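S.K.: Sequence first, predicted model second:
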There are 2 protein chains.
Amino acid sequence: MIATKASRVVQAAGGSDVVDFGLRRAQGPDGALSASKAAYVGGCVATSNVLAGKAFNIPVRGTHAHSYIMSYKTELEAFRAYANSFPDSSVLLVDTYDTVQGIKNAIIVGKELETFGRKLVGIRLDSGDLSALSKIGRALMDDAGLDYVKIVASNDLNEHKITALNALGACIDSYGVGTELVTAKPIAAISGVYKLVHDKNGGRMKFASGKKSYPGIKNVLRKIQTNGRYANDVICLEDELDQTLECGLLTRQVLRGQRKFHRRSMKSTRSHSLECVSRLPISAKRLKEPREFGVSISTGVEKMIEDIKGGLNHG
Amino acid sequence: MIATKASRVVQAAGGSDVVDFGLRRAQGPDGALSASKAAYVGGCVATSNVLAGKAFNIPVRGTHAHSYIMSYKTELEAFRAYANSFPDSSVLLVDTYDTVQGIKNAIIVGKELETFGRKLVGIRLDSGDLSALSKIGRALMDDAGLDYVKIVASNDLNEHKITALNALGACIDSYGVGTELVTAKPIAAISGVYKLVHDKNGGRMKFASGKKSYPGIKNVLRKIQTNGRYANDVICLEDELDQTLECGLLTRQVLRGQRKFHRRSMKSTRSHSLECVSRLPISAKRLKEPREFGVSISTGVEKMIEDIKGGLNHG
């Protein structure tokens, strides 16, 4: 769910990076760790959650808080102190008091860093008209010879707001996305549940109104177009698969308590996920009026449903 | 957030009980524990989360899953096995195959329990037209002399659906609410954040566009009407409170690392919460077009904002 949301946001961001800023909005520490993992798998390039970075080997990126600026007498003093502590990785938050003045103060510190042979990494915009401010910031920094300094934007962003910013030609290199990402807004829960589908007597199913379940031990056969893109999925019984030719999406990972494959690294899981998403039809991925990816039920599953219904009628 | 959602659902349920069924939709185990606590404080009478029950002394209630029914050859066999294991606390889920037949099977088991001097506690409806089915269930059970057997309803419920069920005269004694409760739908996150408001130099504030913060060490003074109901809140500086007469909503709980008061039990926290909510204006609690509860800023806070702005202009 969060990986899907991340994928949508990353797609909207085009070439710009998306960083997971969601820690403070997750439900407790373990919710936050799972969310950071999912966001990375979905395509985020990094997380601001340092523990997730350490635990799962996810790149960590972030900036400081407004309170850091406010704890100094002036913004310029705060910027200097921060750049002194992190001379090679400073992203300065410029909107605490007045954004344009904040950009000018960041430029002063950026030029000072240059005299020490260091480079300011970026500035962060967190309020106001992000598109207009990013253009002002880009122009001011370019004029000052700081064309290498990146612009990071945050402020309750989502795939739709990022699409709009791109359409306006905003000069944003990186997006920090928090609340909407970890809550997977507007879908805060997937209504999937575990159901009993098979026992020693064979396939089992539920007939509750509007909540029917499909019986049998199943797999998913993904049909591929000649151009390599995914065409559609067929949910079939495991024994309908031609084991010599076809490989279902579900593969056995554990056999008699033993893991059958090496555990994938987070990086490799992420690459795999990005590759799969790239092969989905574009029509299924667009934000506006997407076409539903085709999923059908095999004749084997349909036959099993009929058999179970028949058994009930006579039973 | 979840406590507020629970409070809204409980209010909609009128006299019927609301039980937290949200465990499987929370973000990880610690998210689920916090959610069960909040749901109880907000007015739920119990949780289906057994660990939360044990950890925080919250009453536990629940039923079995559809898979329990499906793991037996017939529904009746499954009901008998369950009632045999839990002769004093069985709530039978009747919608796995055909709800009306399920109710009839539950009645058979209810009558069988009576012959052992035991009583069926309830049946649960989890799909279909809950209002119509509850009326059919009530009538069938009353006719069978099982008027003491309760009807529990679940199925993606929320305050609006429950209000509609009540308006239809549904015969439902207890609601199990899960997904919508633990995700606090449609508000999956509160946009509140910690901000620096005071340091050794006095009040501090942030001017970011649309994200201004109020400076100073503050408290909240709640004004009470003569009938005991809450009138409005005033956010004021702590030293604006007349310590001999007024008591702010925020009270110091820890002094020099020591807890100043005994820890409240969950039960007492819940009672306190229910009492406070009962004193809120009815207009602020109604689900449709509620009137916003008045919150204003004191003259002391306003003066501090002016002073800080003045200081910036001259600084």
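M.R.: Cool, the structure landed. Numbering: from 1, shown residues only, chains lettered A, B, ... in the order given.

S.K.: Surely A:L125 touches A:S134?
M.R.: Yes. Using CB atoms under 8 Å, A:L125 is in contact with A:S134, at 6.3 Å. Backbone N, C-alpha and C define where each C-beta goes, glycine included.

S.K.: Quick check on those two: which one has the bigger neighbour count.
M.R.: A:L125 (28 against 23; other CB atoms under 10 Å in any protein chain shown).

S.K.: For that one, which residues are in contact?
M.R.: A:L125 makes contact with A:V94, A:D95, A:T99, A:L133, A:S134, A:G137, A:I151, A:V152, A:A153, A:S154, A:N155, A:I172, according to CB atoms under 8 Å, 6 or more residues apart in numbering or on different chains.

S.K.: how about it, phi and psi?
M.R.: Per-residue torsions, A:L125: phi -100, psi 130 (degrees, to the nearest 10).

S.K.: One more: the one 4 residues further on?
M.R.: For A:D129, the backbone dihedrals (degrees, to the nearest 10) come out as phi -80, psi 100.

S.K.: likewise A:I297?
M.R.: According to degrees, to the nearest 10, A:I297 has phi -110, psi 140.

S.K.: now it: how far from A:P29?
M.R.: A:I297 sits 40 Å away from A:P29, taking CB to CB, to the nearest Å as the criterion.

S.K.: cool, and A:I136?
M.R.: In terms of CB to CB, A:I136 sits 39 Å off from A:P29.

S.K.: hmm, back to that, and chain B, which of the contacts of A:L125 reach it?
M.R.: Among the contacts of A:L125, proximity to chain B is found for A:D95, A:T99 (CB under 8 Å from any CB of the partner chain).

S.K.: ok, of the contacts of A:L125, which one's closest to chain B?
M.R.: Within the contacts of A:L125, the smallest distance to chain B is 4.5 Å, found for A:D95 (CB to the nearest CB).

S.K.: Enumerate every residue touching that closest one.
M.R.: A:G102, A:R124, A:L125, A:D126, A:S127, A:G128, A:L133, B:A208, B:S209.

S.K.: Kindly recompute the last result at 10 Å.
M.R.: By CB atoms under 10 Å, 6 or more residues apart in numbering or on different chains, the contact list for A:D95 reads A:66, A:69, A:101-103, A:123-128, A:130, A:133, A:154-155, B:206-209, B:211.

S.K.: Which of those residues are buried? Put it as a ChimeraX command.
M.R.: In ChimeraX syntax, the buried subset of the contacts of A:D95 is picked out as below (16 or more other CB atoms under 10 Å in any protein chain shown):
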select /A:66,69,102,103,123,124,125,126,127,128,130,133,154,155 /B:206,207,208,211
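
S.K.: Sitting in strands, which of the contacts of A:D95 do you find?
M.R.: Secondary structure from DSSP state E places A:I123, A:R124, A:L125 of the contacts of A:D95 in strands.

S.K.: May I ask you to confirm that the second one is in contact with A:Y82?
M.R.: No. Counting by CB atoms under 10 Å, A:Y82 is not a contact partner of A:R124; they are 11.7 Å apart.

S.K.: For the one helix or strand A:E114 maps to, buried residues please.
M.R.: Using DSSP states H and E, A:E114 sits within helix A:99-115. Residues of helix A:99-115 classed as buried by neighbour count (16+ other CB under 10 Å): A:T99, A:G102, A:I103, A:K104, A:N105, A:A106, A:I107, A:V109, A:G110, A:L113.

S.K.: ok, of those, which one's closest to B:K5?
M.R.: A:T99 (35.9 Å; CB to CB).
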